[in-house]
Every structure is written in structure tokens, then in C-alpha cells.
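Participant: structure for the following, please:
(2 chains)
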Amino acid sequence: MSTYAQKKGVGAVLWDYLTTVDHKKIAILYLIAGGFFFVLGGLEAMVIRIQLAIPDNNFVSAGFYNEVLTMHGTTMIFLAAMPILLGFMNAVMPLQIGARDVAFPFLNALGFWLFLFGGLFLNLSWFLGGAPDAGWTSYASLSLASEGHGIDFYALGLQISGFGTLIGGINFLVTIINMRAPGMTYMRMPLFTWTTFVASALILFAFPPLTVGIFFLTFDRLFGANFFDPTMGGNTVIWEHLFWIFGHPEVYILILPAFGIFSEIISTFSRKRLFGYSSMVFATVLIGFLGFMVWAHHMFTTGLGPIANSIFAVATMAIAVPTGIKIFNWLFTMWGGSIRFTTPMLYAVSFVPSFLLGGVTGVMLAVAAADYQYHDTYFVVAHFHYVIVGGVVLAILAATHFYWPKMFGTMLNEFLGKITFWLFLIGFHLTFFIQHFLGLMGMPRRIFTFLPNQGLEVGNVVSTVGAFFMAIAVIILLINIVITSVKNVKVGNDPWGDGRSLEWAIASPPPFYNFKQLPLVRGLDPYWIEKMEGKKEMTPAEPLGDIHMPNNSFIPFMISLGLFIAAFGAMYRLDYSWGLPVLILGLLVTLLSMFTRSIKDDHGFHIHKEDLIDEDKGRKA
Amino acid sequence: MANQQSTSENPRVDLDYRRKKNAEDMRYQVITFSLMIFLTLIAFAAVGFGDLSNWFVVPFILLLAVVQVIFQLYYFMHMSHKGHEAPQLFLYSGVLVGFITVLAFMTIIWW
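Facilitator: Sure, this is the predicted structure:
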């Protein structure tokens, strides 16, 4: 087995990516698929903003608007933000803890393909009779009444991609617990690894309620069950609870990795150790813990009663404390640091006040009595876009610039990057800041148009202008990516010059086995420690030896494809006679693929010590 | 024990200590096993004999079940041994999340 990179044809590259189990390639797949869905969700957002630009607009019909709005939310949360973050976790976390891959490379690939097939299934609804139209929360009393197959696409698609996410989360947990390099204790793990760890634990506990809820919904709609039908003894509020028991931890699954990314960026470009590292870890864990006890604050107006509302209101406000700890720690990290305003750092600096605004409106919304006024208005829309765009999307854009050299070996253009940043930041505040006031003036959420002369015109047109700024920013980012890829100027190990954690100690992009010898970790920011002692690379913790690697496999693709086929069968079972056979066929494909995986011994292969030594010589020559 | 050879890669493994430890574990397992059978008998007795109210019997049997789960985890699946901190953390977190969910459903949905 040669370890040299060879020139390959398009077909070979495609096959390589279809069968890969390498965490770095899976990260790229996540990034491409998530990026595609991000652009799709962005287009849907543009349709929403164009429709709402002027009063009494008829750019789209009311029914189509409901579909666009539902798919914007669902796509952005499940198919864009989370997969892109999973992509960065895949790309960076194993390198940060000094591991050669994740604990279960096969499951890693399976997680990606499940997500992709689920996402494709959901989006095929556009071409097959209409998308889901009950909002991303898909409350049962509304979604059970929705005609056509839109909601079935939602339920089955999210079920499949949810399996993928759950598998990914468990994989990361096992990786972080078991595969840290010698000396990498828990309290020496970089903050991005810590937030990956806590977010994965949240995935582990939050996705099962969603799975249960979606199964109930699927069976209610397709198999004659009555879980949510009050006339048949069901209870429609159960869906709301199950959805939010998942849904609230979900926003922490999104924001915690974003916190981790910004912690890395701020400490790197302030050229200082992260201030209050242990309190940052503590705050991360505490946010994850509290995240499970606040879900009913989404349901204050459901009629839970004053006691339940008060308990959940106080618990929600408590989350502001650990978040505040984090905000101050970021500020103190920058204080006295020798700051370099690179593109990622610009995102990080602007993230702190932007996210803080979203946090403050969050505490306002947590006041149960006041929430009766804010509920289902644009105030809520402004709030969650401030936390998700001002937190998660800024983090994704920052990480794209920050980790691009590590993932692809080239630097994104800094000038274009800064243009992207300014356009996006201005557009973001233009779009969403004014929506607070639209909401307070009484504009309800999810309406497809509004009447003139109610004082809502100016706010809406400003908001639409802002959305165009963000769209242009994303287009410039895409141009930047194309230019950088075409120029293909390779960079070294530590292109930012100030890398602190292990990933910057190895080549960009790293060789497929990551570390020739596992590194010895001597403290927090291990690479920084070595650099401060005048060394160029990490001290190895083991002698050079054979490296055991997993074989590529096409089975994850087949398992996911089977579920994708089965979902069509389940959905059309009542409409067409071929539905049931297709359902069975799809499940057979999945089960036979799993069976093949179980009985076929696949021990992987070894990279031999001699090849590694040869490679060293080859590089020097 | 026919096999006196250590199967461990660790050359300093103390076979005498291991044997003593295993015997001790075995004793605990036998004790807990008999306790578990005893608890099961009590559970049957609670239902079978006497006119106890359901308000007593149901929580009582649930309590016995919890004790059995603890025996199972700690004595049969060796959670009392070292190196099980992470599984313990996640087990208890899962129990907590599940408990809160059930509690919420019992109190604010089906009140």
C-alpha cells in the first residue's frame, strides 16, 4: 500500500469520496452538502423578504409562502447549520486531541450519508406535489390537517437525517473519551473540542425525543394512529413538548460549537491563553445541563399554568449566568492581548455584541407574563435570528476562513474575506434589528403579507435591503472560494502564524493518517508551548511504528439509500399499489447492507514503518 | 484455576491479588443474586397476599425495580469498579433527562 498521493481521474475521486471513511474527507462532504443547503435556505429567505418588501405584495401566493417559510427554517437548522458544524467538528476535533481518526470511521460515513439522503428526500418535496407547510415546528394540530404529502416529507426526511446526526454525536463522544493523545487530559482539551463534547452529549439526549415525536407524527399521518388526535383520545400538546424537549437543546447544539470556534479564534489572534479556561469549560457544561430544563418557555401561551410558567421562566433566566461568564472571558482574553484583526477575528469581535443583543432579548422573552405580548410576533423572529445568525452563522463564516487552510491547504483571500464580513455584518443588523420594532408594533410572525398604512412599510423594506446585503456577501465568499481554489497557492503547517492547538502542528491538509507519531501533550495550547521553547514541531509520545487504518466502504451509502427508498414506499403506500413493495424493498436493501457489514470481516490495513520513513526521505529530497 | 499463566500484557500483574479480587467479586455476585430473588419474591407477595392498596403496591414494586437495576449495574456489570466514570456520568444524565420528561408529562400535560 503506497502512501503517496497520486493523480486520479474524476471517476476515481468520486468513488473515493463515495466510499471514504476518513474524517477529513467526510468533513469536506459535510461542508459541501451543508453549504448547498445553506444557499438553498438563503434563496428561500430571499423569497420571504421579497414577498414582504412592500404591503399587499403578490410575488408568491399564501400557500407557497407557507412552504417557503417552513423549508427555510427546516433547511437552515437541520440541513445547513448543524451539518456544517458537524463538518468542522469532523475536520478539526480529531486533530485537536491528537487522534488519527474518529472512534468509528464507518459510522462517521454512515452519519453523513443518512443526513444527505434525508435532506435530499425533504427537498424533493418541491418537485413532488408541494413542500411541508406547517412551520419548522410542525405543531400537530396544524400538520395533521395539512393536505398532500408535504408533512410526510418533513417527518420521513428528518427521521432519516436525525439518525445520521445521532450517530455522529455518539461517535464524537466516544472519540473524545477514548482517543486523546498521551498527556491530553480533559482540562487540556481546546475549547472547540470541549464544546463538541458537550454538544454531542446534547445530541445524544435530545434526538431521541425528536425521533419519538416524529414517529408519532408519521404513524398518525400514514398508518392510522391517533397519538395527537384529541377526538380519538390523543393529545396534541404532546407533540409540542416532545418537539421542544428536542428543540431547545438543539439551539445549544448549534451555539456551543460556535462558542468553541470563537474561543479558538479570539485566543489565537489575541495571542493569549484563553482567559478563565476552567470557567469556560464549567460554563459550557452548565449551559448544556440547563438546556434540558427550559423547553417549556417556547410554550408559555399554551396554558401550562402559572406555576409551570414561573419555574421555566426562572430556569431560562439562569442560563444567562454561564453565558455571561463566557462573554466576559472573551473580553478579558482580548484585553491586553496583541490583537491581529484578520477576517476570522473580525467575525469574532463582532459576534460578541451581536450575540449579546440576542441574549438580552432572550431574557426579555423568558419573562412569562411579557411573553404573552411578544409571542408569535416579529420580536421573536428578530430574537432567534440574532442568536442563530449573530452566533452560529457568524461562527460558520469565521471558521470557514480560519480552518480553510487546514482543510484545503490554501488561504482564502483576506481582502475579499473582509468585504464579505462587512457586507454580511451590516446586512445582518439591517435585516433583523428593525424586526424587533416591527414585532413590538404588532406584526405577527409567519404572515405572508401585510396591509398598507399600518406603519409597517419602512421597517419591512429596510429589512429586505439588509437581506440583499447578506446575499451579496455570501456570493462574494463563493467567488473567493473559487478564486482561491483555482490559484491553489499551498501554505505551510501554521499559516496564521499564531496557532496554539495540535492541528496547527501538522501539514495543511494533514496526511490521511494525521500524526506519524502521536504527539506528547504537555499542557493547554500544546503547540504554543513547544513554539515558545523554540521547537518547530511536537515531541512524539511513541516510536515510529506501523499505523492501522480502516478500509474504505460503500456500505454506508447503501444503508442510507435503502432508507431513502423505503421512505418513498411508506409515503405512497396508501396512494399506489407499488408503495408497500417499495417500502419492503428499501428496508431489505438497508438490512442486507447491514448484514453484509456484520458478516464480512474487514480488519483494515497497516501503513508500514518503512513506507513512513521513505516518505520522509522523499519529502526532503 | 488450571491456567496459571497471566494473560495480561502487563508483566507486573499480581495473580494472587487477582484471584482474591475475583473470589470477592464472586461472593458479592452470589449475595446480590440471592437478594434479587428475594426482592422478586417480595414483589410477588405484595400482589398475591393481603389486601394492600394499589397506591402502596405500585410505588413499592417500582422501588424494588430500581434497587434491582442498581444491583444489576453495580455488581453484575461492574460499574462499581474503577474506569466507569464516563458511563456513570452519561447514565445518570440520561436518567435525569428521562425523569424530568416523565415528571413534566405527569404534571403539566395530564394534570
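Participant: residue A:460 touches residue A:437, doesn't it?
Facilitator: No. Counting by Cβ atoms under 8 Å, residue A:460 does not reach residue A:437; the two are 11.0 Å apart. Every C-beta, even on glycine, is put in place using the N, C-alpha and C of the backbone.
Participant: which of those two has more neighbours?
Facilitator: residue A:460 (22 against 16; other Cβ atoms under 10 Å in any protein chain shown).
Participant: for the more buried one, which non-adjacent residue is spatially closest?
Facilitator: In this structure, residue A:460 finds its nearest non-sequential neighbour in residue A:52, 5.2 Å apart by Cβ to Cβ, 6 or more residues apart in numbering or on different chains.
Participant: and the one you found, what does it touch?
Facilitator: A:449, A:450, A:460, A:463, A:464 (Cβ atoms under 8 Å, 6 or more residues apart in numbering or on different chains).
Participant: run the last query once more with 10 Å
Facilitator: Residue A:52 makes contact with A:59, A:65, A:378, A:438, A:443, A:447-450, A:456, A:459-461, A:463-464, A:467, according to Cβ atoms under 10 Å, 6 or more residues apart in numbering or on different chains.
Participant: return the member of those residues nearest to chain B.
Facilitator: Chain B lies nearest to residue A:378 out of the contacts of residue A:52, by Cβ to the nearest Cβ, at 28.3 Å.
Participant: contacts only, for that closest one.
Facilitator: A:52, A:385, A:432, A:434-447, A:456, A:459-460, A:463.
Participant: ok, so what distance separates it from residue A:35?
Facilitator: 28 Å (Cβ to Cβ, to the nearest Å).
Participant: tell me the pLDDT of the nearest residue to residue A:572 once chain neighbours are set aside.
Facilitator: The shortest distance from residue A:572 to any non-neighbouring residue, by Cβ to Cβ, 6+ apart, is to residue A:579 (4.1 Å). With respect to pLDDT, residue A:579 scores 92.
Participant: quick check, residue A:579 in contact with residue A:152.
Facilitator: No. Here residue A:579 does not reach residue A:152: they are 11.6 Å apart, not a contact under Cβ atoms under 10 Å.
Participant: neighbour count for those two, which is higher?
Facilitator: residue A:152 (21 against 17).
Participant: I'd assumed residue A:223 was in contact with that one.
Facilitator: No. Checked against Cβ under 10 Å, the pair residue A:152 and residue A:223 is beyond contact range at 11.1 Å.
Participant: residue A:300: neighbour count?
Facilitator: By other Cβ under 10 Å, neighbour count at residue A:300 equals 23.
Participant: show me what contacts it?
Facilitator: Residue A:300 touches A:308-309, A:312-313, A:316, A:365-372, A:374-375, counting by Cβ under 10 Å, 6+ apart.
Participant: so what sits against both of residue A:579 and residue A:152?
Facilitator: Common neighbours of residue A:579 and residue A:152 (Cβ under 10 Å, 6+ apart) are A:222, A:570, A:571, A:572.
Participant: out of those, flag the one nearest to chain B.
Facilitator: Of these, the one sitting nearest to chain B (Cβ to the nearest Cβ) turns out to be residue A:222, at 24.3 Å.
Participant: okay, now the closest one: neighbour count?
Facilitator: 19.
Participant: need the pLDDT of it.
Facilitator: 92.
Participant: mind listing the strands for chain A?
Facilitator: Taking DSSP state E, the strands of chain A run over residues A:547-549, A:605-607.
Participant: to chain B, which of those strands lies closest?
Facilitator: Of all these, strand A:547-549 comes closest under Cβ to the nearest Cβ, at 16.9 Å.
Participant: packing partners of the closest one?
Facilitator: Secondary-structure packing of strand A:547-549 (3 or more Cβ pairs under 10 Å, 6 or more residues apart in numbering or on different chains; DSSP states H and E): strand A:605-607, helix A:609-620.
Participant: ranking those by burial, who's on top?
Facilitator: strand A:605-607 (a mean of 15; mean count of other Cβ atoms under 10 Å in any protein chain shown).
Participant: about what we covered before: got a PyMOL select line for the buried ones in the contacts of residue A:300?
Facilitator: Remark: buried members of the contacts of residue A:300, expressed as a PyMOL selection using 16 or more other Cβ atoms under 10 Å in any protein chain shown:
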select buried, chain A and resi 308+309+312+313+316+365+366+367+368+371+374+375
